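K.L.:
Mind looking at a prediction? Sequence and model below.
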There are 2 protein chains.
Amino acid sequence: MSPAEFRRRGREVIDWIADYWERVETLPVLSPVTPGAVRDSLPPHPPAVGEPFEDVMRDLEQLILPGITHWQSPNFFAYFPANTSGPSVLGDLVSSGLGVQGMLWATSPACTELETLVLDWLGEMLDLPPQFHSTGSGGGVIQDSASSAALCALLAGRERATKGASNTQGADPRLVAYTSSQAHSSIEKAVKIAGLGSDKLRLIAVDANFALRPEALAAQLEADLAAGLLPCFVCATVGTTSSNAMDPLPAIGRLCRDHHVWLHVDAAMSGTAALCPEFRGIQAGLALADSYCFDPHKWMFTNFDCNCFYVADRRALVSALSVLPEYLRNQATESGAVIDYRDWHVPLGRRFRALKLWLVIRHYGVHGLQQLIREHVHLAQEFAQWVQADPRFELAAPAPLNLVCFRMRADDDANQQLLERLNQSGALYLTHTRLDGRFTLRFCVGQTQTERRHVQAAWARIQEGAGR
Amino acid sequence: MSPAEFRRRGREVIDWIADYWERVETLPVLSPVTPGAVRDSLPPHPPAVGEPFEDVMRDLEQLILPGITHWQSPNFFAYFPANTSGPSVLGDLVSSGLGVQGMLWATSPACTELETLVLDWLGEMLDLPPQFHSTGSGGGVIQDSASSAALCALLAGRERATKGASNTQGADPRLVAYTSSQAHSSIEKAVKIAGLGSDKLRLIAVDANFALRPEALAAQLEADLAAGLLPCFVCATVGTTSSNAMDPLPAIGRLCRDHHVWLHVDAAMSGTAALCPEFRGIQAGLALADSYCFDPHKWMFTNFDCNCFYVADRRALVSALSVLPEYLRNQATESGAVIDYRDWHVPLGRRFRALKLWLVIRHYGVHGLQQLIREHVHLAQEFAQWVQADPRFELAAPAPLNLVCFRMRADDDANQQLLERLNQSGALYLTHTRLDGRFTLRFCVGQTQTERRHVQAAWARIQEGAGR
């Protein structure tokens, strides 16, 4: 494709995306296609010769779009959001166009240095403890997801607990990890991957608000130590996926410090709220943590993938993940004056993801981002009030920020049927969880284009679905 | 950013990228900046209020670009390429604009189904054994990198060897893994991560062409079995990073089959060559493998990240990586009629990466891709002939495809100085390795815009650098 054709086609694609964002509100949020339908509509074999670009755009519109569940719809209230924005998409486009690899500082210095800078900016914007800044003992890196960040944190904790021995001799069979029964499934996945085994993951009991009970953690730590085991990792959650529960970081942090256990704090969606001083209490106690992550690709208008992962001591992370073959040796690395981000995560290759974050922060500014987050929280709080004011409904958990867990005062089947009817209508999309064993609807406000009218319309639909 | 502003700014960015590709040849390939220079040129604190888009584009041009090493320059001959193309960038742009999550089939059916289809297309284009197709017992998935693919393959092999016990009880201390002394550092990284420990990675000796010696692998397997150990994973390489050595898959495959050991084949860059029937011999014996991967983001005109990872038995992979919490349960998953790709890799979230691959294949067509790959191999072979024809130089290894390892007939210092002079000139960029302990220059032809004149100019520079 010549640069001239790229210019022409590029404009078409830009316009197609702008059109898409303008009409996405009118599309059924949850794709109604049945399994196999999209594939069956496409040619089973690749084309022998190149096809015109028009044909691809036509198929995108006619065959792919019906199979899309519209995460960018303002009526998307499911899971956690994966919101995006114009500046983010354009930043990512620049990254694709430059096509550089940032595995080493030397392979494209700006890719590394802008990332370090932007993660320091974010550290300032969130008021993270000084040790998480690159100017201190730690620093930040962009990972693909909170799952990968948790794995890296666990590996760093594993290696610190075994003084580096697990990397060479295999995962010490005495290693134990801890998180709450409400933590994300990625913690169990990480514990399996890292060779501890899921039997060694202690799922600590939670309180009535689904937050980890520190005294239960303390008891389990004591019991494991008494049994000759080796606690190496605790994951606390700031905003669980299920119900947005907030684990008590100060108490957990003190336990981890006393027992020399790596504390990772997973604030995947909710961390973005700390942009606003009034919500910053969710991360009180973070100074006691060894690592921290949150996802700008969830709630901070930055398209996937963009997980920001911070460590208080970068040496612990790098020593857990570094391998240096000859073909990657270079003067800058040997000098010790630079960061090589390949040693901060699992993959070697890495794209220039800091660009989209840089564009988002510069476009909105700190105040602009704060205003949008405040509005989302406000809308969710309003929704929670409507739920409480309607005698047919009840809140199923506290709603500290932008996620509301609720249910009809009815049995599980009735609630499940309500959810399915709502989603099949195409007018909105929400998902479910189980709290105290009961089927619970989750309503999360975080999509970039969601306004009060969308939340109002959703609540009207929900009320209607419950029968009058 | 309103859709109207996105249209305007989007066109500016598209034009900026087209301009960049048109002038990239004139820019110094290797960035000349010193550590810290890019960061120091940027504001230390984030902006309180949003800034005009013009300012960002100005800084991109004036402050970021000088810190870029130009992987998209036709004079980039370093490492392995990370080439890209117009259709790929536009496919990735559509993915950013749609902003969907493909972690489950249900979260956007088209994202999963197009990926399965396009990976089957590629399986056909490469003539992969039928078990690697989704219509057989296996199938393909896009991962971020060959490093992550190797980790997943190792985990599947670990679990198969321990009948699933390592996931629950921790990595069995008897587990052993095997690869050649020339394999990529990601294998050692994976063995550490998965809790085997690097002491349990056997680096098997290679022959004069730097290919794994099957009899040495056989002897090590026998010795480990005799010692009561549990071989679980062999990684064979089709085109090592260091010198493009080709491990003998048929002999390795037979050993793995006889000993029930998972065989993973890493063809990160060179796998793309199998698009051309005349180069397909590099993967002879692949039918004996359990998993296979190659990187369209290296040599197939598809921007990072895009690793295609295939397994012969998808159940083995999924059972190694699956964790299903309540908030991800859905009817489609329970029905068993769909693929949930989150169980095929480490992260949960995933972007719609199949789009860029779909656009690349449809734009070029199979014949178009074959023609470009043939031309790159032809150019590298011509370069190898020039090296051989000049008495001051010698080839350091066989050059089966598009990588030429060579050196001056001089000591390491002289070769290292030659490399540094060439790279500092800005006219081209190549990197080094060590073969048989000797400093060796690597010249890899694979950038999208590289033509014969660029290879000629590079060789003229190299000759000049060697002194006349």
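P.N.:
Nice, thanks for sending it over.

K.L.:
Tell me which stretches of chain A form strands.
P.N.:
Counting by DSSP state E, chain A has strands at residues A:139-143, A:175-180, A:201-204, A:230-237, A:262-266, A:291-294, A:307-311, A:393-395, A:403-408, A:431-435, A:438-444.

K.L.:
Switch the ones you listed over to a markdown table; also include distance to chain B, mean neighbour count and mean pLDDT.
P.N.:
All C-beta spots, glycine's among them, are computed from the backbone N, C-alpha and C. What follows is the strands of chain A, written out as a markdown table (distance: least, CB to the nearest CB, whole Å; neighbours: other CB atoms under 10 Å in any protein chain shown; pLDDT from 0 to 100):
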| stretch | distance to chain B | mean neighbour count | mean pLDDT |
| --- | --- | --- | --- |
| strand A:139-143 | 9 | 27 | 97 |
| strand A:175-180 | 8 | 27 | 98 |
| strand A:201-204 | 10 | 21 | 98 |
| strand A:230-237 | 12 | 28 | 98 |
| strand A:262-266 | 12 | 28 | 98 |
| strand A:291-294 | 13 | 28 | 98 |
| strand A:307-311 | 9 | 29 | 98 |
| strand A:393-395 | 17 | 16 | 98 |
| strand A:403-408 | 11 | 25 | 98 |
| strand A:431-435 | 5 | 21 | 96 |
| strand A:438-444 | 7 | 22 | 98 |
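
K.L.:
So A:Val13 versus chain B, what's the distance?
P.N.:
Distance check for A:Val13 against chain B: by CB to the nearest CB, to the nearest Å, it reads 5 Å.

K.L.:
Ignoring the adjacent residues along the chain, who's closest to the residue in chain A positioned nearest to chain B?
P.N.:
As assessed by CB to the nearest CB, chain B sits closest to A:Gly195 within chain A, at 1.7 Å. Excluding the flanking residues, the one nearest A:Gly195 by CB to CB, 6 or more residues apart in numbering or on different chains is B:Gly195, at 1.7 Å.

K.L.:
same question, A:Thr448
P.N.:
Using CB to CB, 6+ apart, the nearest residue to A:Thr448 is A:Asn83, at 4.5 Å.

K.L.:
Isn't that neighbour up against A:Val445?
P.N.:
No: in this structure, A:Asn83 is not within contact of A:Val445 by CB atoms under 8 Å, at 10.5 Å.

K.L.:
picking up where we left off before, between the strands of chain A, which gets nearest to B:Ala384?
P.N.:
Closest to B:Ala384 of the strands of chain A, according to CB to CB: strand A:139-143, at 38.9 Å.

K.L.:
now that closest one: how far from the chain's centre is it?
P.N.:
Centroid displacement of strand A:139-143 relative to its chain, using CA atoms, centre = their mean, to the nearest Å, is 13 Å.

K.L.:
What pairs with it, parallel or antiparallel?
P.N.:
strand A:307-311 (antiparallel) (DSSP bridges).

K.L.:
Break chain A into its domains for me.
P.N.:
Chain A is divided into the following domains under automatic domain parsing: A:1-45+A:61-84+A:367-468, A:100-350.

K.L.:
for chain A, what helix or strand is lowest in average pLDDT?
P.N.:
helix A:331-335 (a mean of 83; mean pLDDT, DSSP states H and E).

K.L.:
what residues does the stretch 351-468 of chain A put near chain B?
P.N.:
A:351, A:355, A:358-359, A:361-368, A:431-434, A:442 (CB under 8 Å from any CB of the partner chain).

K.L.:
Show the buried residues in those.
P.N.:
Applying 16 or more other CB atoms under 10 Å in any protein chain shown to those, the neighbour count classes A:351, A:355, A:358-359, A:361-366, A:368, A:431-434, A:442 as buried.

K.L.:
Widest-spaced pair of those?
P.N.:
Maximum distance among these (CB to CB): 41.8 Å, for A:Arg362 and A:Arg434.

K.L.:
Which residue is the nearest non-sequential neighbour of A:Trp299?
P.N.:
Once flanking residues are discounted, A:Trp299 sits nearest to A:Thr272: 4.1 Å by CB to CB, 6+ apart.

K.L.:
separation between the one you found and A:Gln388?
P.N.:
Distance from A:Thr272 to A:Gln388, counting by CB to CB, to the nearest Å: 25 Å.

K.L.:
Between the two, point out the one with more neighbours.
P.N.:
A:Thr272 (31 against 14; other CB atoms under 10 Å in any protein chain shown).

K.L.:
Phi, psi for the residue nearest to A:Thr448 please.
P.N.:
Note on A:Asn83: its backbone torsions stand at phi -80, psi 160 [degrees, to the nearest 10].

K.L.:
residues near it, how many?
P.N.:
If you count neighbours by other CB under 10 Å, A:Asn83 ends up with 27.

K.L.:
Next up, the contacts around it.
P.N.:
A:Trp71, A:Gln72, A:Lys298, A:Trp299, A:Met300, A:Phe301, A:Gly446, A:Gln447, A:Thr448, B:Gly99 (CB atoms under 8 Å, 6 or more residues apart in numbering or on different chains).

K.L.:
Could you dump the residues you listed into a markdown table and include distance to A:Ile204, pLDDT and neighbour count?
P.N.:
Shown next, in a markdown table, are the contacts of A:Asn83 (distance: CB to CB, whole Å; pLDDT from 0 to 100; neighbours: other CB atoms under 10 Å in any protein chain shown):
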| residue | distance to A:Ile204 | pLDDT | neighbour count |
| --- | --- | --- | --- |
| A:Trp71 | 32 | 98 | 24 |
| A:Gln72 | 36 | 98 | 26 |
| A:Lys298 | 25 | 98 | 28 |
| A:Trp299 | 26 | 98 | 30 |
| A:Met300 | 29 | 98 | 31 |
| A:Phe301 | 34 | 98 | 28 |
| A:Gly446 | 28 | 98 | 27 |
| A:Gln447 | 33 | 98 | 26 |
| A:Thr448 | 35 | 97 | 20 |
| B:Gly99 | 35 | 98 | 29 |
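
K.L.:
Need the nearest residue in space to A:Leu395, chain neighbours excluded.
P.N.:
A:Leu395 sits nearest to A:Phe406 (CB to CB, 6+ apart), 5.3 Å away.

K.L.:
wait, doesn't that neighbour sit right on A:Arg392?
P.N.:
No: look at A:Phe406 against A:Arg392 with CB under 8 Å: they stay out of range, at 10.6 Å.

K.L.:
and the longest helix belonging to chain A, average pLDDT?
P.N.:
Once chain A is assigned using DSSP state H, the helix that runs over the most residues is helix A:354-389. Taken as a whole, helix A:354-389 carries a mean pLDDT of 98.

K.L.:
got the angle between that helix and strand A:307-311?
P.N.:
Using axes from the mean of the first three to the mean of the last three CA atoms, to 10 degrees, one finds that helix A:354-389 and strand A:307-311 are set 100 degrees apart in direction.

K.L.:
centre of the chain versus helix A:354-389, how much separation?
P.N.:
16 Å.

K.L.:
So which elements touch it?
P.N.:
helix A:86-98, helix A:109-126, helix A:296-299, strand A:393-395, strand A:403-408, strand A:438-444, helix A:452-465, helix B:53-59 (3 or more CB pairs under 8 Å, 6 or more residues apart in numbering or on different chains; DSSP states H and E).

K.L.:
and that helix with helix B:86-98, angle?
P.N.:
Put simply, helix A:354-389 runs at 20 degrees to helix B:86-98, going by the same axes, to 10 degrees.

K.L.:
How about A:Cys111, nearest residue that isn't a chain neighbour?
P.N.:
Excluding its sequence neighbours, the residue lying closest to A:Cys111 (CB to CB, 6+ apart) is A:Gly102, at 3.4 Å.
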